[in-house]
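Enquirer: A predicted structure for the sequence below; I have some questions about it.
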Amino acid sequence: MANKDVDIDDAVFQQRIAALARNLGEEQAGFIKNQTGILAREVARMTPPYATYPKLTNTASVGTAKDIAQGKIAITKDLNKICIIKDLADVKRARKAFGTGPVHFGFQSGGGTIINVAEFHEWHKRCLYKGRNRTRKVTYYSRYWVTQTVFNRYAKSQHQYVGRAKATFYKAAVNLGAKVTGPAGVKNNAPFVSSSGKVNTRGDFSEGVIKGKAGGLDHTIRHLPMLRSNRLKKAVIRGEYLLKQAAKDANFNVV
């Protein structure tokens, strides 16, 4: 959950890649589409959650079931930073005595009480860092009291969003025709994300564009310069290979 979304609108290939693609003549748009799709796949792979730090390989996968499981564990840990699990009797007694306000029973204190999922949701939103999909740690005696049952229900409701940020760029890669696979948590979230991948062509110039919108993409943004540089290098290698193959097909001598 996030209180603000992050937009990524990146013109993927700059002057070097455009010049390389133009050398391919009529294959320019196809080449740009292919490389942009692979970049979208790599961005999805580098978007959390991940159980182990991902590698930039040529595989089609953007993640595994272990990555999704790790994301769910992270959410549960975050929720434990903002509340204290109490017996139902204690929560009821505190609510009756103090309403929704701070709780003080001898040496036991809390920031308030939560009696249902809706109240937990409101408290969670208040505990998010502004503009980021991160939960801040609340000091122990300011945490709200909640039963294990309500805690589990709310945690489960948040687990369904794990993989949604990855799905943003997974969907863009699919739109661009890239070979891409992902775990159920990514595929199931794909219909609900706002993203696109396309190639804009104006005259003899083509440009690959990826657009994505999702909460908590601050980690992904940090990786973008490295991902663009890596894909540019690989695109140059791929383009040079295609040019040599074209020359061979035309019976030209190539070094």
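Expert: The structure has been received and is ready for your questions. Residues are numbered from 1 along each chain as shown.
Enquirer: which elements pack onto the lengthiest strand in the chain?
Expert: When the chain is parsed with DSSP state E, its longest strand is strand 205-215. When contacts are defined as 3 or more C-beta pairs under 8 Å, 6 or more residues apart in numbering; DSSP states H and E, strand 205-215 sits against strand 5-11, helix 15-22, helix 28-45, helix 164-175, strand 194-202. To be clear about C-beta, it is placed using only N, CA and C from the backbone, and glycine gets the same treatment.
Enquirer: please name the nearest non-neighbouring residue to residue 129.
Expert: residue 136 (5.5 Å; C-beta to C-beta, 6 or more residues apart in numbering).
Enquirer: for that neighbour, which residues are in contact?
Expert: For residue 136, the contact set (C-beta atoms under 8 Å, 6 or more residues apart in numbering) comprises 81-82, 127-129.
Enquirer: which among those end up buried?
Expert: 82, 127-128 (16 or more other C-beta atoms under 10 Å).
Enquirer: out of those, flag the one nearest to residue 37.
Expert: Nearest to residue 37 among the buried ones among the contacts of residue 136 is residue 128, at 33.0 Å by C-beta to C-beta.
Enquirer: roughly how far does the closest one sit from residue 165?
Expert: For residue 128, the distance to residue 165 (C-beta to C-beta, to the nearest Å) stands at 15 Å.
Enquirer: could you check how far the closest residue to residue 38 other than its chain neighbours is from residue 35?
Expert: Nearest residue to residue 38, sequence neighbours excluded (C-beta to C-beta, 6+ apart): residue 178, at 5.7 Å. For residue 178, the distance to residue 35 equals 9 Å [C-beta to C-beta].
Enquirer: ok, these two, which is more surrounded?
Expert: Between residue 178 and residue 35, counted using other C-beta atoms under 10 Å, the more crowded position is residue 35 (26 against 22).
Enquirer: hang on, the more buried one packs against residue 208?
Expert: Yes: contact criterion C-beta atoms under 8 Å: residue 35 and residue 208 qualify, at 6.7 Å.
Enquirer: could you check how many residues crowd around residue 102?
Expert: 15.
Enquirer: which ones are touching residue 141?
Expert: Residue 141 touches 109-111, counting by C-beta under 8 Å, 6+ apart.
Enquirer: ditto for residue 106
Expert: Residue 106 neighbours (C-beta under 8 Å, 6+ apart): none.
Enquirer: now residue 94
Expert: Contact analysis of residue 94 by C-beta under 8 Å, 6+ apart lists 86, 103, 105, 110, 113, 145.
Enquirer: now, of these, which are buried?
Expert: Among these, those classed as buried by 16+ other C-beta under 10 Å are 86, 103, 110, 113, 145.
Enquirer: what's the second one sitting at in phi/psi?
Expert: If I follow you right, that is residue 103. When quoted as degrees, to the nearest 10, the phi and psi of residue 103 stand at phi -110, psi 140.
Enquirer: kindly report the same for the fourth one.
Expert: Per-residue torsions, residue 113: phi -130, psi 150 (degrees, to the nearest 10).
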